[in-house]
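[1] Return atomic coordinates for the entry below.
(chains A and B)
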Number of protein chains: 2
Amino acid sequence: MARTGRRPAGSGTRETILSAARAAFARHGYDGATVRGIGAAAGVDPALVHHYYGTKQGLFVAAMEFPVEPATVLPALLAPGVDGLGERLLRFFLALWENADGRSPFLALIRGAVSHEESAALLREFVTREVLGRVAAAVNESQPQLRATLVGSQMVGLAMARYVIRIEPLASADIETVVAAVAPTVQRYLAGPLAG
Amino acid sequence: MARTGRRPAGSGTRETILSAARAAFARHGYDGATVRGIGAAAGVDPALVHHYYGTKQGLFVAAMEFPVEPATVLPALLAPGVDGLGERLLRFFLALWENADGRSPFLALIRGAVSHEESAALLREFVTREVLGRVAAAVNESQPQLRATLVGSQMVGLAMARYVIRIEPLASADIETVVAAVAPTVQRYLAGPLAG
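    Presented below is the predicted three-dimensional model:
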């Protein structure tokens, strides 16, 4: 267990549990998923899941990490400056949702947020601290936090309309059509006038 | 039971059942709500609920009618023409969500849509036919259906960010601030250029 350069014992098991948890939350939502079911799907005793992660909520927090680390990805997207930032953020967000595996953690977070105040708080706190806080810090205009949340509103709405409710023709529109239509919105929220 | 001008017997009971169903779907989602629980809340035998509405899905369809009739409200909003239409639609939508009673049917629809393909289909079909179809018919530009769905994406995202996830400072921003920031987005989707 000392730092020998090898994987700590059990880390593979933890990842197996987290994968099963992500799948279960994405499929059943927060209420529907059970530690027992997740343990069964991971092929481990539920007691081991409790040992590693405590409650279902602890497991949820550990499992629902975004498929990408905002702390890694956002600086690269923000670095070139505000010019074109709306389009860069939008393309990155769409790429995550276009991939069914990338989509499921987000979908699980949204599913939880519309069903439970506790889950809404988890999503709200994570997004505010790790995502919108970084975006707001890169904005040079007045009301950076409001601007970041407006960007969030268009992003989550696009995900809902295109990938969750799947309203046509938006659901089937090609990415370039979507980017051309929506990137100017995101860019105005970031750097344009907010009032007429 | 002939047309005597009096209320048909049982219509009060039906309304009581539908009210209980709306509250249950809004509170528990589609899966969590039960015909048994709705019957109990309405003070009637569950068999009567089944008699009137068949399955839980039939009850859902009957109960989840919007608090306003799109067929009544939208023509009035659309009648003055495309000028200012983005702001009129946005103000009407926000007024519905500002009211907790007006909000709950929409929230129930969204909750269902993120959890069940069946519920997503119900919402999708209703919104497409009764709401977006009317908006698209009032649009004079190319791609009216795509434009209407883009409007929908910003509207649902605003509702999610402000009223469901409640991300600050958007959640507490006054209505005029929100309208000033978002109405130009809706207006551009309706009548502006969709591509740079």
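[2] Identify the residue of chain A closest to chain B, quick one.
    Relative to chain B, the nearest point of chain A is residue A:157 (1.9 Å; CB to the nearest CB). For the C-beta atoms, the positions are set from N, CA and C on the backbone; glycine is no exception.
[3] The lengthiest helix in chain A vs helix B:11-32, what angle?
    In chain A, assigned by DSSP state H, the helix with the most residues is helix A:11-32. Helix A:11-32 runs at 180 degrees relative to helix B:11-32, counting by axes from the mean of the first three to the mean of the last three CA atoms, to 10 degrees.
[4] Check which helices and strands the next helix or strand after helix A:11-32 is in contact with.
    Proceeding N to C from helix A:11-32, the next assigned helix or strand is helix A:35-42, under DSSP states H and E. Helix A:35-42 is packed against helix A:11-32, helix A:46-53, helix A:56-63, with contacts defined by 3 or more CB pairs under 8 Å, 6 or more residues apart in numbering or on different chains; DSSP states H and E.
[5] now what about the last one, what contacts it?
    Counting by CB atoms under 8 Å, 6 or more residues apart in numbering or on different chains, helix A:56-63 makes contact with A:17-18, A:21-22, A:25, A:30, A:33-35, A:38, A:49, A:53, A:112, A:118-119, A:122, all of which sit outside it.
[6] Neighbour count says what about the residues you listed? Which are buried?
    Buried by 16 or more other CB atoms under 10 Å in any protein chain shown: A:17-18, A:21-22, A:25, A:30, A:33, A:35, A:38, A:49, A:53, A:112, A:119, A:122, out of these.
[7] As a markdown table, those residues with pLDDT would be great.
    Listed next are those as a markdown table, based on pLDDT from 0 to 100:
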| residue | pLDDT |
| --- | --- |
| A:17 | 95 |
| A:18 | 92 |
| A:21 | 89 |
| A:22 | 81 |
| A:25 | 72 |
| A:30 | 62 |
| A:33 | 81 |
| A:35 | 93 |
| A:38 | 94 |
| A:49 | 94 |
| A:53 | 88 |
| A:112 | 80 |
| A:119 | 77 |
| A:122 | 70 |
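[8] Looking at the residues you listed, which one is closest to residue A:193?
    Nearest to residue A:193 among the buried ones among the contacts of helix A:56-63 is residue A:122, at 33.7 Å by CB to CB.
[9] Cool, thanks, signing off.
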